[in-house]
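let me see the structure of the following:
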Amino acid sequence: MANSYLESLLGENEEILLITRQHWFLLVSATLLEIVLSIVIIVGVTLALPFFPLAGLGYIVLVLPVGRGLYDFFKWWNVQYVVTNRRVIHLAGVVNKNVTDSSLEKVNDVKMEQSFFGRIFDYGDVEILTASELGINRFQRIGDPVRFKTAMINAKEHLGGEDFGAGPGSHGAKRDIPELIAELDQLRKQGILSEAEFEAKKRDLLAKI
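So this is what the prediction gives:
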């Protein structure tokens, strides 16, 4: 169903290049309590059955943790990070859908962060800086972040836009950097970015000129 909904968002000749989700660690952490409760209920009821036949009714209680666990699973499954040949899409929601997308033409820079365990288990954070009103999109603890970033780079290059790795001598980067700094300043004034974050990102952008 989620893929059908995603496909309905695509424009003419737009193709999906990559779909990833948040790492399965987050699913396990969200459902750990339900898993433990289910095991406790099953073991407790099974041990009590030989002595209290009516204890079998206790299995009905499994509906609560199992139902909650299924809800957490579908919530995790329906959060998708998608790279197409035109844009990056963040899709979330089981019933009510929340869709955010960034045109590859407006993406100026992309930053990836991986901790020690992130490199081992293949998850990380990807931060996308754009020249749109959204400014910054941050995708946290997504699976296979290196492949996600590479897919974005390749898609933008094929689109004819500025390559993220083109370096400080890029004409496109010079043209967009002042505009991006202005938008970052607006985010700072709105309290979305701290003064330190603004100055750090400003230095990074100015270094590309």
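
next structured bit after the lowest-mean-pLDDT helix or strand in the chain?
Here the helix or strand of the chain ranked lowest by mean pLDDT, DSSP states H and E is helix 171-189, holding a mean of 68. Once the chain leaves helix 171-189, the next helix or strand it forms, by DSSP states H and E, is helix 195-206.

outside of that next one, which residues touch it?
Here helix 195-206 makes contact (C-beta atoms under 8 Å, 6 or more residues apart in numbering) with N108, D109, L129, I177, L180, I181, L184, D185, L187, R188, L193. To be clear about C-beta, it is placed using only N, CA and C from the backbone, and glycine gets the same treatment.

can I get that helix in CSV? Just the C-alpha atoms.
The C-alpha coordinates for helix 195-206 follow below in CSV (Å, rounded to 0.1, in the frame of the first residue of the first chain):
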residue,chain,number,x,y,z
GLU,A,195,24.1,31.0,16.9
ALA,A,196,26.9,28.5,17.0
GLU,A,197,25.2,26.2,14.5
PHE,A,198,24.7,29.2,12.1
GLU,A,199,28.3,30.3,12.4
ALA,A,200,29.6,26.8,11.8
LYS,A,201,27.5,26.2,8.7
LYS,A,202,28.3,29.7,7.4
ARG,A,203,32.0,29.0,7.7
ASP,A,204,31.5,25.7,5.8
LEU,A,205,29.7,27.4,3.0
LEU,A,206,32.1,30.3,2.7
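
got the buried residues for that helix?
Across helix 195-206, burial judged by 16 or more other C-beta atoms under 10 Å covers F198, K201, K202, L205.

for the last one, give me the pLDDT.
L205 carries a pLDDT score of 75 in this model.

could you do the third one as well?
With respect to pLDDT, K202 has a value of 80.

phi, psi for the residue lying farthest from the centre of the chain please.
Centroid-distance maximum for the chain: F51 at 50.1 Å, with C-alpha atoms, centre = their mean. Main-chain torsions, F51, degrees, to the nearest 10: phi -100, psi -30.

just the buried members of the contacts of helix 195-206?
For those, a burial check counting by 16+ other C-beta under 10 Å picks out N108, D109, L129, I177, L180, L184, L187, R188, L193.
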